[in-house]
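The sequence isn't on hand, but the structure is:
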């Protein structure tokens, strides 16, 4: 009765972006890219040069998000580091969308 569809695993991870990025513009950019890629989770500004958040989605999509953020022309000089931590497979999404948290 069990069907073995090759459904991509949902991955979850924490992430950090370090660098002096313009707050509002960067948050809007991150949300827009996450939505385009179909990622869920959140991003929050911890300090002037540090953002933290969580991502949920396919592993290759999380990697694509990292590449887009790290190579975005308008932020490439500002983003010093994009770190992905605690990557693990999850059964189902715990976020409905990707959002900015205050």
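All right, it came through fine. Everything numeric in this text was worked out from a predicted model, so none of it was measured. Residues are numbered from 1 along each chain as shown.

Every contact and neighbour count from this point should use C-alpha atoms.
Noted.

And the next helix or strand past the helix or strand residue 87 falls within?
Residue 87 belongs to strand 79-90 when assigned by DSSP states H and E. Going down the chain from strand 79-90, the next helix or strand is strand 98-101, by DSSP H and E.

what lines up beside that next one in the sheet?
In the sheet, strand 98-101 lines up against strand 40-47 (parallel) (DSSP bridges).

ok, and what's touching the strand it pairs with?
Residues outside strand 40-47 that contact it (Cα atoms under 8 Å, 6 or more residues apart in numbering) are 23, 27, 30, 34, 51-57, 93, 95-102.

repeat that with 7 Å
Residues from elsewhere that reach strand 40-47 (Cα atoms under 7 Å, 6 or more residues apart in numbering): 34, 51-57, 95-102.

Tell me which two in those are the farthest apart.
Within the contacts of strand 40-47, 57 and 102 form the most distant pair, 22.3 Å apart (Cα to Cα).

Between those two, tell me which one has more neighbours.
More crowded of residue 57 and residue 102, by other Cα atoms under 10 Å: residue 57, with 24 against 7.

And the pLDDT at that one?
pLDDT for residue 57: 98.

Looks to me like residue 30 is in a helix.
Yes. With DSSP: H, G, I helix; E, B strand; the rest coil as the criterion, residue 30 is located in a helix.

Return the mean pLDDT over stretch 9-23, rounded to an integer.
Mean per-residue pLDDT for stretch 9-23: 94.
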